[in-house]
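A.B. asks: let's see this in three dimensions:
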Amino acid sequence: VQLVESGGGLVQPGGSLRLSCAASGFTLPYYTIGWFRQAPGKEREGVSCISSKDGSTYYADSVKGRFTISIDDAKKMVYLQMDSLALDDTAVYYCAGLEGPADVGFVTTNMAVDYWGKGTLVTVSA
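C.D. replies: So this is what the prediction gives:
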């Protein structure tokens, strides 16, 4: 399984970015993919997750209402639309996942994944 992130960059507070995750190599019919982030000097945390089986989603409280996760199963792409970005959203964002359906809340809060991308840097700065 390979997960490749793209779309990071520099954005001003209040701005928007869309991250993309290209997934390949899954052999089962369904998979679960999440976004995680690690800010400088902080532990990695779960941001959001989506299931390809039923499109169920989960968001951490810190991003709820500002970030939107979506999936294009035909293209094996997962997106994270990030709006109203704030300074403390600055982090390396990782796409990570596992084969099969899973509880998206559990996956996010426990980082219960098997595969990780290399990450993409998002910097929110004035």
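A.B. asks: can you pull the phi/psi pair for P40?
C.D. replies: phi -50, psi 130 (degrees, to the nearest 10).
A.B. asks: surely it touches T90?
C.D. replies: Yes. Contact criterion C-beta atoms under 8 Å: P40 and T90 qualify, at 7.5 Å. Where you see a C-beta, it was placed from the backbone N, CA and C, and this is true even at glycine.
A.B. asks: which of these two has more neighbours?
C.D. replies: T90 (17 against 7; other C-beta atoms under 10 Å).
A.B. asks: contacting residues around that one?
C.D. replies: Contacts for T90 were tallied using C-beta atoms under 8 Å, 6 or more residues apart in numbering; they are 39-40, 122-125.
A.B. asks: which of the residues you listed has the largest number of neighbours?
C.D. replies: Going by other C-beta under 10 Å, V122 tops the contacts of T90 with 22 neighbours.
A.B. asks: and the closest residue to that one other than its chain neighbours, what does it touch?
C.D. replies: Sequence neighbours aside, G8 is the residue nearest to V122 in space, at 4.8 Å (criterion: C-beta to C-beta, 6 or more residues apart in numbering). By C-beta under 8 Å, 6+ apart, the contact set of G8 is 17, 19, 93, 120-123.
A.B. asks: same check on G119?
C.D. replies: 5, 38, 92-94.
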